[in-house]
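K.L.:
Attaching a predicted model along with its sequence, questions to come.
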Amino acid sequence: MRLVLQGAGSLASAVFDGVLAQGHVVVSVVAPAGDRLLADAAARGVACHASGGCLAPAAIPDATDLIVNAGGRAYIPARARERARHGAIGFHPSLLPRHRGRDAIKWTLYLRDAVTGGTVYWMDERIDGGPIAAQAWCHVRPDDDPRSLWVRDLRPIGVALLLQVIGDVERGVIARVEQDDALATWEPPFGAASL
């Protein structure tokens, strides 16, 4: 498949390596300026775009099959999603619809959830609200902090689920389970919260 990878950090780099190992073609990479994903992509001859808050439709080449958001915080508008044959998927480090919003891991720990996980979902106009493509769960340990939970469980879940869903889409297996908004929670950025 022909993919556009938008993301940042270790999750995006691991997904980049994984999709190439699976034989997919990354036609474009979009990441914040200075992110190692841009350097990795440039070293492999992949078109790179430094982007901040919004993924421009022009960053999506013709004949793109799927946009993959791996740890990126840039908004992907409908006009950009429509340029890809299958739209866009993203990873969120919670069991959606719980903990929608940018600081899901911190809220998981603050609210003392015993179980969390990750979700790959189909991106739409709602923040973290699109149909679910795949989920996996993990336990939260009493001594966890955001980094330990991310490194030990959530990042590996994110890589595995994104690669699984990309493979499923390639085979024509497209899961879309609507989120139950009655069960949804949304928390503000953690630093903005009055705790």
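P.N.:
Received, thanks. These numbers come from a predicted model, not from an experiment.

K.L.:
Look up phi and psi at V120.
P.N.:
Main-chain torsions, V120, degrees, to the nearest 10: phi -100, psi 130.

K.L.:
Over to the one 10 residues further on?
P.N.:
Backbone torsions of G130, given as degrees, to the nearest 10, read phi -70, psi 170.

K.L.:
quick check: longest helix of the protein.
P.N.:
Ranked by number of residues, the top helix in the chain under DSSP state H is helix 155-170.

K.L.:
Return the set of buried residues in that one.
P.N.:
Across helix 155-170, burial judged by 16 or more other Cβ atoms under 10 Å covers 155-163, 165-166, 169. Bear in mind the C-beta positions are built from the backbone N, C-alpha and C, glycine included.

K.L.:
Who are the packing partners of the helix or strand of the chain with the lowest mean pLDDT?
P.N.:
Among the helical and strand segments of the chain, the one scoring lowest on mean pLDDT, DSSP states H and E is strand 48-50, with a mean of 88. Where contact means 3 or more Cβ pairs under 8 Å, 6 or more residues apart in numbering; DSSP states H and E, strand 48-50 is packed against strand 25-31, helix 36-43.

K.L.:
which residues in the chain form strands?
P.N.:
2-7, 25-31, 48-50, 66-70, 88-92, 115-122, 132-139 (DSSP state E).

K.L.:
per-residue confidence at G191?
P.N.:
pLDDT, G191: 74.

K.L.:
How many neighbouring residues does it have?
P.N.:
8 (other Cβ atoms under 10 Å).

K.L.:
give me the beta-bridge partners of the residue nearest in space to the middle of the chain?
P.N.:
Ranked by distance to the mean C-alpha position of the chain (Cα atoms, centre = their mean), the top residue is F91 at 2.7 Å. Beta-bridge pairing for F91 (DSSP bridges): V120.

K.L.:
Would you check that it makes contact with R73?
P.N.:
No - contact status for F91 versus R73: not in contact, 11.9 Å apart, counting by Cβ atoms under 8 Å.

K.L.:
quick one: low-confidence ranges for the chain?
P.N.:
Scanning the chain for pLDDT under 70 picks out 52, 192-195.

K.L.:
One more pass at 80, please.
P.N.:
For the chain, applying pLDDT under 80 flags the ranges 51-54, 73-74, 191-195.

K.L.:
mind checking which of the strands of the chain is nearest P189?
P.N.:
The closest of the strands of the chain to P189 is strand 88-92. By Cβ to Cβ, the value is 14.8 Å.
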